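Participant: Pasting the sequence and the predicted model now:
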Amino acid sequence: MAALDLQEQEQIDALKAWWKENGTRLLGLLLAVAVVFAGWRGWQYYQHQQSGEAATLYAGFIKQLESGDVKRVNDAAAAVMNNYPSTAYATRAALLAAQINEHGIDVARAKTQLQWAIDHAVESGLKEVARLRLAAVLLDEKNYDGALNLLETKHPASFDGLYADLKGDTLSAQGKVAEAKAAYQMAYDKTDAKSTYRNLIQMKMDALGESK
């Protein structure tokens, strides 16, 4: 029994010596892990809370859309955009409000909202939609250089057809027939063969004297 007690005492002494040498470092490591974990849980809660609050504001924005009151629509959109700019709700609010403003002939505000969506969208698809719509607005304004500049932006391959088609429209409006034909041909080739949208592109090519 005495021998066992001596062995246990040696183990205890060895543990004390190890703790004296490594204890502070271990405590620091454990504290760092605890802080990181707490920070991560806090961030998750913040994100969840942000998403919930943004969803509530967005629901209010949708109600204003249904009301048809342009001022209320813009105010509601601004509330989502200003308070929760990093959420997908904000980008959607900007895009929908821009559409209302385009129809309401407040093109300047629509362009501002579309540019905001381009700058803040966290979903690449929404960013591309905003960029294409802004290019279309610039085309309507005969700002051909501005439209083409947007259409030259690097984008996902899935948007190649839409970009090329709008580029063809812009070049056609400038009277650049050969370049427009080339753009339309690319749009045609990049569009799903089963898509009825291809027929529209074909009509544009035919209008320029292109046969297929």
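Facilitator: Cool, the structure landed. Numbering: from 1, shown residues only.

Participant: Now do the buried residues in whatever helix or strand residue 125 lives in.
Facilitator: Residue 125 is located in helix 124-140, with elements delineated by DSSP states H and E. Neighbour-count burial for helix 124-140 flags 126-139 (criterion: 16 or more other C-beta atoms under 10 Å). In short, each C-beta sits where N, CA and C put it, glycine included.

Participant: Residue 67: which of those is nearest?
Facilitator: residue 133 (23.0 Å; C-beta to C-beta).

Participant: Not counting sequence-adjacent ones, nearest residue to that closest one?
Facilitator: Leaving aside its chain neighbours, residue 133 sits nearest to residue 114 (5.6 Å; criterion: C-beta to C-beta, 6 or more residues apart in numbering).

Participant: on that earlier part again, give me the residues contacting the helix holding residue 125.
Facilitator: 88, 91-92, 94-95, 98, 102, 107, 110-111, 114-115, 117-118, 121, 144, 146-147, 150-151, 153, 155-156, 159, 162-163, 166, 169-170, 173 (C-beta atoms under 8 Å, 6 or more residues apart in numbering).

Participant: What does the pLDDT read for the residue nearest to residue 107 when sequence neighbours are not counted?
Facilitator: Sequence neighbours aside, residue 137 is the residue nearest to residue 107 in space, at 6.4 Å (criterion: C-beta to C-beta, 6+ apart). On pLDDT, residue 137 comes in at 92.

Participant: Could you tell me how many residues sit around the residue nearest to residue 133?
Facilitator: 28 (other C-beta atoms under 10 Å).

Participant: swap in residue 177?
Facilitator: Residue 177: 13 neighbours (other C-beta under 10 Å).

Participant: which residues touch it?
Facilitator: By C-beta under 8 Å, 6+ apart, the contact set of residue 177 is 208, 209.

Participant: Now with 7 Å, please.
Facilitator: When contacts are counted by C-beta atoms under 7 Å, 6 or more residues apart in numbering, residue 177 touches residue 208.

Participant: What does the pLDDT read for it?
Facilitator: For residue 177, the model assigns a pLDDT of 93.

Participant: what does the domain assignment say about this protein?
Facilitator: Domain segmentation of the chain under automatic domain parsing yields 43-122, 144-212.

Participant: Beyond the helix or strand of the chain with the lowest mean pLDDT, next helix or strand please.
Facilitator: The weakest-scoring helix or strand in the chain, judged by mean pLDDT, DSSP states H and E, is helix 2-67 (a mean of 58). Going down the chain from helix 2-67, the next helix or strand is helix 70-83, by DSSP H and E.

Participant: So the residue nearest to residue 133 is in contact with residue 96, correct?
Facilitator: No. Residue 114 lies out of contact with residue 96 (C-beta atoms under 7 Å); the separation is 11.2 Å.

Participant: ok so, going back, mind checking which of the contacts of helix 124-140 land in helices?
Facilitator: 88, 91-92, 94-95, 98, 102, 107, 110-111, 114-115, 117-118, 144, 146-147, 150-151, 162-163, 166, 169-170, 173 (DSSP state H).
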